[in-house]
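Enquirer: Sequence plus predicted model, see below.
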Amino acid sequence: MLDKVAKIFSLCIFLILFGCARTPVALDVEEINASIIEDREALSVDASLQNIDLHTAIAVAIKNNRDLRISVMESALAQRQNNLQRFDMLPDIALDAGYSEFTELQPSTSVGVELDTGDAPPLDGTQSYTISRGTGLETRNIEFTWNALDFGLSYIRAGQQADRFLIAKELERKAIQNITRDIIRSYWKAKASENLLQKLNPLLERVDAALADSQYIEELLISSPMDSLLYQKELLDVQRTLQTQQRALVNSKNELATLMGLLPNQKYTLSDDDNYLTNINLDIETMENIALVSRPELMESRYQKRITSKDARAAIISLIPGIKFNATYGYSDNDYLLNQDSTEYGASIGGNLFDIFSIGAVSKSSKASKELIAERHLAIAMTVLSQVHLSNMNYDLAIEEYDTAQRYLDVAKRISKQVQNAQKVSRFGELEVIREEASLLVAELRRDLAFSEMQHSIGQIYASVGKDILPTNHENLSVD
């Protein structure tokens with residue numbers, strides 16, 4: 001007996017010490033390096049990165065953009081939770097089996113109670129002792145339980161979870177629309193960057209060469225020092241302007257790569273043949289109606305309104321007394337029992353009587369929640385309508401700015417041509433030619449940026465009216 005007690009005591013001491021022995025363990029360098037390798041492999045994009053046009057850039061971004069993938073995974077998680085919520089409507093079926101053993105028999109006795117005093121006489125040692133079970137006992141039982149109130153509440157919660165899944169899908173739509181709009185702007189900026197950098201770098205080299213020549217002339221005292229210094233100052237002004245434009249262009253492709261989910265060192269080329277976004281032939285009233293029907297924010301608000309309505313219904317149902325049905329089958333191998341297996345059926349009803357006094361407060365709270373959601377929906381609708389009008393105005397202004405930039409570029413081209421022709425007859429020097437070529441390059445950059453803003457304004461209209469550009473099963477499609 002003492003040996004068994006000592007073993008149990010030793011096991012308890014071991015478990016206690018083992019539970020208290022856990023200490024913080026920092027990651028070692030090898031684990032961190034292995035994690036870095038896994039992260040890089042997960043971030044790499046296996047896609048054709050040659051001759052990417054606008055539509056391919058949008059497709060690659062929708063497939064690989066990490067922020068968008070989070071929205072997609074949140075939508076998938078909401079679907080899984082929706083499927084899980086349905087199981088709460090099922091009845092509870094509990095299985096139980098066990099075995100217990102006493103080291104010794106547990107005999108017991110009983111004595112009579114005196115009715116007049118309600119006291120029991122003390123044991124005097126003459127009573128006989130009996131047992132109702134042996135030292136070992138094996139039991140098995142299965143219990144079925146169904147609560148009508150829990151079923152009703154679970155049914156409502158399942159409907160709410162379904163609405164939350166639909167909200168997650170609307171947030172996914174919104175993320176796709178936003179990434180599409182951003183890709184449109186970044187793509188055309190990257191195109192402008194690729195085209196203009198090919199012209200800008202040779203011009204910077206010519207400026208450097210002209211500066212070196214001017215400094216050499218200054219050292220030889222061929223011209224007056226003041227003329228040389230003024231000449232160098234104007235060249236440096238041109239160089240600074242070109243370098244400013246270079247800074248604005250050099251990160252454009254990196255921005256596009258980030259939106260497409262590419263690593264910074266992944267190379268890609270842009271297509272020479274592109275389909276531009278065409279003009280929008282919609283009146284403002286039609287755009288407003290489409291936006292009020294399709295915008296993800298408004299759809300989210302509508303689903304939230306349904307969730308709030310179901311919250312009110314659940315709050316009222318929870319005040320109703322619950323009805324519980326149960327059935328149990330049990331078995332015991334106790335030889336001292338006449339019937340070793342038994343079946344039990346039952347039903348019960350119960351509730352808090354004080355809940356009836358809270359019906360009024362629950363009803364008022366539910367009404368206030370509905371009014372808040374309705375007002376929030378109207379506020380969102382007003383914001384959506386404002387965004388539609390702003391995007392439409394920005395589209396008109398972008399067209400005007402592009403037209404102005406194009407006409408400015410045409411004038412800059414004619415001026416540059418006149419200066420080049422005049423240089424041939426020695427009427428202008430190298431400085432004037434470089435200055436006009438730099439001015440022409442800046443004008444071309446402004447034209448291209450105005451064009452990208454015009455294309456972006458069309459994408460903004462698509463986003464403001466809630467335009468979907470993807471098929472319903474785009475998750476299962478390849479980039480092509």
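Expert: Looks like it came in fine. All values derive from a computational prediction rather than experimental measurement. Numbering: from 1, shown residues only.
Enquirer: So for stretch 78-90, mean pLDDT?
Expert: The average pLDDT for stretch 78-90 rounds to 73.
Enquirer: Likewise for stretch 414-434?
Expert: Mean predicted confidence for stretch 414-434 is 73.
Enquirer: now do the same end-to-end measure for it.
Expert: The first residue of stretch 414-434 is 15 Å away from its last residue (CA to CA, to the nearest Å).
Enquirer: next one: stretch 124-132
Expert: End-to-end for stretch 124-132, by CA to CA: 22 Å.
Enquirer: contacting residues around it?
Expert: With contacts defined as CB atoms under 8 Å, 6 or more residues apart in numbering, stretch 124-132 is touched by 105, 106, 107, 108, 109, 110, 111, 334, 336. C-betas here are computed from N, CA, C, even on glycine.
Enquirer: Most neighbours out of these, which is it?
Expert: Using other CB atoms under 10 Å as the neighbour criterion, residue 334 leads those with 14 neighbours.
Enquirer: Let me know the pLDDT of the closest residue to that residue other than its chain neighbours.
Expert: In this structure, residue 334 finds its nearest non-sequential neighbour in residue 133, 4.9 Å apart by CB to CB, 6 or more residues apart in numbering. pLDDT recorded at residue 133 is 82.
Enquirer: helix/strand/coil for residue 207?
Expert: helix (DSSP: H, G, I helix; E, B strand; the rest coil).
Enquirer: got the contact list for the residue nearest to residue 334?
Expert: 106, 334, 336.
Enquirer: re earlier: max pairwise distance over the contacts of stretch 124-132: which two?
Expert: 111 and 334 (24.5 Å; CB to CB).
Enquirer: can you tell me the helix or strand for the residue lying farthest from the centre of the chain?
Expert: Relative to the C-alpha centroid of the chain, counting by CA atoms, centre = their mean, residue 126 is the outermost residue, at 78.5 Å. Counting by DSSP states H and E, no helix or strand carries residue 126.
Enquirer: And it, what's its pLDDT?
Expert: 76.
Enquirer: Tell me the helices and strands packed up against the one helix or strand residue 455 maps to.
Expert: Per DSSP H and E, residue 455 falls inside helix 430-464. Here helix 430-464 touches helix 148-220, helix 225-250, helix 284-294, helix 359-424, going by 3 or more CB pairs under 8 Å, 6 or more residues apart in numbering; DSSP states H and E.
Enquirer: do that again at 6 Å, thanks
Expert: When contacts are defined as 3 or more CB pairs under 6 Å, 6 or more residues apart in numbering; DSSP states H and E, helix 430-464 packs onto helix 148-220, helix 225-250, helix 359-424.
Enquirer: about what we covered before: now the residue nearest to residue 334, what's its secondary structure?
Expert: Under three-state DSSP, residue 133 falls in the coil class.
Enquirer: Next one: it relative to residue 301, how far apart?
Expert: 64 Å (CB to CB, to the nearest Å).
Enquirer: go on, residue 396?
Expert: Residue 396 is 29 Å from residue 301, by CB to CB.
Enquirer: What of residue 285?
Expert: On the measure of CB to CB, residue 285 and residue 301 end up 22 Å apart.
Enquirer: Which pLDDT value goes with residue 121?
Expert: So, for residue 121, pLDDT stands at 78.
Enquirer: With residue 369 instead?
Expert: Reported pLDDT for residue 369: 86.
Enquirer: So it sits against residue 308, correct?
Expert: Yes: counting by CB atoms under 6 Å, residue 369 does reach residue 308; the two are 5.1 Å apart.
Enquirer: Identify the residues contacting residue 78.
Expert: 164, 165, 168 (CB atoms under 6 Å, 6 or more residues apart in numbering).
Enquirer: how about those in CSV, adding pLDDT?
Expert: Compiled in CSV, those are given as follows (pLDDT from 0 to 100):
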residue, pLDDT
164, 87
165, 86
168, 86
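Enquirer: what residue ranges in the stretch 51-200 of the chain score low on pLDDT?
Expert: For the stretch 51-200 of the chain, no stretch has pLDDT under 70.
Enquirer: can you redo the contacts of stretch 124-132 as JSON lines with distance to residue 359 and secondary structure?
Expert: JSON lines is the format used below for the contacts of stretch 124-132 (distance: CB to CB, whole Å; DSSP: H, G, I helix; E, B strand; the rest coil):
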{"residue": "105", "distance to residue 359": "57", "secondary structure": "coil"}
{"residue": "106", "distance to residue 359": "52", "secondary structure": "coil"}
{"residue": "107", "distance to residue 359": "56", "secondary structure": "coil"}
{"residue": "108", "distance to residue 359": "51", "secondary structure": "strand"}
{"residue": "109", "distance to residue 359": "55", "secondary structure": "coil"}
{"residue": "110", "distance to residue 359": "51", "secondary structure": "coil"}
{"residue": "111", "distance to residue 359": "53", "secondary structure": "coil"}
{"residue": "334", "distance to residue 359": "50", "secondary structure": "coil"}
{"residue": "336", "distance to residue 359": "53", "secondary structure": "coil"}
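Enquirer: Just the closest of these to residue 377, please.
Expert: Closest to residue 377, out of all of the contacts of stretch 124-132 and judged by CB to CB, is residue 334, at 64.8 Å.
Enquirer: buried stuff in stretch 237-249?
Expert: Using 16 or more other CB atoms under 10 Å as the test for burial, stretch 237-249 gives 238, 239, 241, 242, 245, 249.
Enquirer: what's the answer for stretch 397-412, then?
Expert: 398, 399, 401, 402, 405, 408, 409, 412.
Enquirer: same question, stretch 195-205
Expert: 195, 196, 197, 200, 203.
Enquirer: try stretch 50-66
Expert: Of the residues in stretch 50-66, those buried (16+ other CB under 10 Å) are 52-54, 56-65.
Enquirer: now, the most widely separated pair of those?
Expert: Maximum distance among the buried residues of stretch 50-66 (CB to CB): 17.6 Å, for 53 and 65.
Enquirer: circling back: need the buried residues of stretch 397-412 in JSON lines (columns: distance to residue 137).
Expert: Shown next, in JSON lines, are the buried residues of stretch 397-412 (distance: CB to CB, whole Å):
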{"residue": "398", "distance to residue 137": "84"}
{"residue": "399", "distance to residue 137": "88"}
{"residue": "401", "distance to residue 137": "89"}
{"residue": "402", "distance to residue 137": "89"}
{"residue": "405", "distance to residue 137": "92"}
{"residue": "408", "distance to residue 137": "97"}
{"residue": "409", "distance to residue 137": "96"}
{"residue": "412", "distance to residue 137": "100"}
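Enquirer: Sweet, I'm off.
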